[in-house]
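J.: Using only what follows, build the 3D model:
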Amino acid sequence: MDKKIRVEVKGLTYSERPSGAYALLLESVNEKIKIPIVIGAFEAQSIAIALDKTTKPPRPMTHDLFQSVLDKHKINLKEVLIKDLQDGVFYAELIFKSLDKEHQIDSRPSDAIALALRSDCPIYTTKEVLIKAGMASMTTPENYSLQNPVISQHQNSDDLNSISKKKLEELLNKAILSEDYELAARIRDTLNNK
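T.: You can find the predicted model right below:
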């Protein structure tokens, strides 16, 4: 396996696109490379609550319940690993320690991160995932206006496939600059398949 690279949650962004999805933004601690992961509304809400240490729902959410069960049975979530990216889908693993034994369980990254935030455990990815999904931080070019739409919000993956690699790279930069991480992830996936 690749060397593990530590990442941190940098935030959540809501997509104005018809999908209504959220983008969870991770960033590598040393390299400062961002990884956007598109997640659902429930998971985004759970992560947002975990990030805001002052908010406590009146009744436990699913991830809070899971964490309570772990605590009750003295099972420690040691770390989370975002281990793979295939066809635009991220795969994660929870690494638990119980009675001096380690156990790995497959998980969706959004659920794994929601639990990691509650357990205060580190989140890692691999160099391979960072290469496939990572987007370097960029500065705004003087001649680029963030008011200009990157591409039409109705443009789908088939439309992206018809765009040249060079133009896709330009669109990717603009999507990152405008913090449209859902679109950036779609463009990244299209580029990876070219």
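
J.: residue contacts, the nearest residue to Ala116 once chain neighbours are set aside?
T.: In this structure, Ala116 finds its nearest non-sequential neighbour in Val80, 4.3 Å apart by CB to CB, 6 or more residues apart in numbering. C-beta here means a position set from N, CA and C on the backbone, and glycine is covered the same way. Taking CB atoms under 8 Å, 6 or more residues apart in numbering, we find Val80 in contact with 92-95, 107, 112-113, 115-116, 121-124.

J.: Same question for Ile113.
T.: The contact partners of Ile113, taken as CB under 8 Å, 6+ apart, are Val9, Leu24, Leu26, Ile47, Val80, Ala92, Ile123.

J.: Please look at the first one and Ala114 and confirm they touch.
T.: No: between Val9 and Ala114 there is no contact under CB atoms under 8 Å: 10.0 Å.

J.: more neighbours, these two?
T.: For Val9 versus Ala114, neighbours defined as other CB atoms under 10 Å are more numerous around Ala114 (32 against 17).

J.: Next one: the more buried one from Gly40, what distance?
T.: Separation of Ala114 from Gly40 (CB to CB, to the nearest Å): 11 Å.

J.: repeat for Asp84
T.: Distance of Asp84 to Gly40, given as CB to CB: 20 Å.

J.: Identify the residues contacting stretch 3-11?
T.: If you take CB under 8 Å, 6+ apart as the criterion, stretch 3-11 is touched by 24-31, 34-35, 47, 51, 81-82, 113, 117, 122-127, 130.

J.: Among these, name the buried ones.
T.: Neighbour-count burial (16 or more other CB atoms under 10 Å) is assigned, among the contacts of stretch 3-11, to 24-28, 34-35, 47, 81-82, 113, 117, 122-126, 130.

J.: Show me where the chain has its helices.
T.: Along the chain, counting by DSSP state H, helices occupy 41-51, 62-72, 109-119, 127-133, 157-161, 165-177, 181-193.

J.: Return the list of helices and strands in contact with the last one.
T.: When contacts are defined as 3 or more CB pairs under 8 Å, 6 or more residues apart in numbering; DSSP states H and E, helix 181-193 sits against strand 22-28, strand 33-39, helix 127-133, helix 157-161, helix 165-177.

J.: Would you mark the buried spots in it?
T.: Within helix 181-193, the residues scored as buried using 16+ other CB under 10 Å are Tyr181, Glu182, Leu183, Ala184, Ala185, Arg186, Ile187, Arg188, Asp189, Thr190, Leu191.
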